[in-house]
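**Q** Sequence and predicted structure, then a few things I'm wondering about:
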Amino acid sequence: MRAVALTAAPPELELAEVADPSPAADEVLLSVAACGICGSDLHVAAIIAAPGTILGHEIAGVVAGLGADVDPAQWRIGQPVAARPMGGCGVCPWCTGGRPDHCTTFQLAGLDRPGGFAEQVCLPARELWALPTSLTGADQALVEPLAVARRGLRRAGLQVGETIAVIGAGPVGLAVVAWARALGAGPIVVSDPSASRRGLALQLGADTVVDPTTADLAVATLEATGVLPSVVFECSGRPEQIGKAMDQVGVDGRVTVLGVCISDVTIFPFTGLSKELDLRFSLYYGREDFTDTINAIEAGTLDPRAMVTETVDLVGLPARFAELGRNPDGGKVVVLP
């Protein structure tokens, strides 16, 4: 089959012919329908992943084959599904509790095992969710990043009617906006230097957008809402923004970090002490976050379609991936193999 893999000079990618995958006993073979490009793909390609790695973890596909132990009554050939792209031993307390990301044998598709930048991929059957007919094409790849956002809002303890601010309107920040609006939060203020991303934030439910190169988020939030935000979501992955989020949130507020930051961070602890803040971090997702996301899309309370701004095929992926590494502006780019 065709796949796009890291070359011997990461983060460069190349189109290659690789062996067709075959599902293990507890796995399902998927024909990849759509796979989003995540900012973390850019990070791991440059720093962590080994040459030959097939990236891509925002996977949706169609069931194409079943492992020997997979119940055909549960998953039928041709069924569209979204994948939680992880696996563990399946029997430890973390796995049975729905959190295989803490299992000692944890594997992430697109890093520890082949991912979705390919025509086919194998994943554990227990990590699949049936997709509603209302979600088609590139939009199917949005389930995974929306589940990331749902987890972040759960970690933040978001309440109906709370004023929130979002730093960074990349795909994760946009997913936070969409989910926050669906859950009844607001007003929602979003800060991003990109005019196009600010426009997408407004489409997905933001009430006010701010250009941080010309305005201060806290001042803009006060002017727009009359109060400082009770929750700030840091979604940019820039190390200096965690301290800035602490500056900009209100007394007794919560700062929740979803942006992947791989640099050391310096904060001023007295800011947290004086406001009695909670600083929380959110990574990955529970099973309930995938279920909530798919149910909300099916019910029509969550409409994320504006997030997708571009699609690319496997042939065009290496060049587009390199360009994103230099300039990650815009919304979600989705690979359609």
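**A** In hand now; what should we look at?

**Q** Strands along the stretch 101-250 of the chain, start to end?
**A** Using DSSP state E, counting those that start in this stretch, the strands of the stretch 101-250 of the chain run over 107-108, 120-124, 128-130, 164-167, 188-191, 208-210, 231-234.

**Q** so what are the domain limits for the protein?
**A** Here the domain parsing of the chain from automatic domain parsing is 2-131+304-335, 145-281.

**Q** Of the ones you listed, which stretch is the most buried?
**A** With neighbours taken as mean count of other CB atoms under 10 Å, the domains of the chain reach their highest mean count in domain 145-281, at a mean of 21. To be clear about C-beta, it is placed using only N, CA and C from the backbone, and glycine gets the same treatment.

**Q** before we move on, back to that, could the strands of the stretch 101-250 of the chain go into TSV alongside distance to Leu200 and mean pLDDT?
**A** Output for the strands of the stretch 101-250 of the chain, formatted as TSV (distance: least, CB to CB, whole Å; pLDDT from 0 to 100):
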stretch	distance to Leu200	mean pLDDT
strand 107-108	27	92
strand 120-124	28	97
strand 128-130	25	97
strand 164-167	12	97
strand 188-191	9	97
strand 208-210	10	96
strand 231-234	16	98
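
**Q** a markdown table please, covering those strands and showing distance to Ala245.
**A** Output for these, formatted as a markdown table (distance: least, CB to CB, whole Å):
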| stretch | distance to Ala245 |
| --- | --- |
| strand 107-108 | 27 |
| strand 120-124 | 34 |
| strand 128-130 | 32 |
| strand 164-167 | 6 |
| strand 188-191 | 10 |
| strand 208-210 | 13 |
| strand 231-234 | 4 |
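
**Q** so which of the ones you listed comes closest to Val81?
**A** With CB to CB, the closest approach to Val81 among those belongs to strand 128-130: 4.5 Å.

**Q** Within its sheet, name the partner strands of that closest one and how each one runs.
**A** When pairs are called by DSSP bridges, strand 128-130 turns out to pair with strand 80-83 (antiparallel).

**Q** what about the strand it pairs with, average pLDDT?
**A** For strand 80-83, mean pLDDT rounds to 97.

**Q** chain center to it: distance?
**A** Strand 80-83 sits 15 Å away from the centroid of its parent chain (CA atoms, centre = their mean, to the nearest Å).
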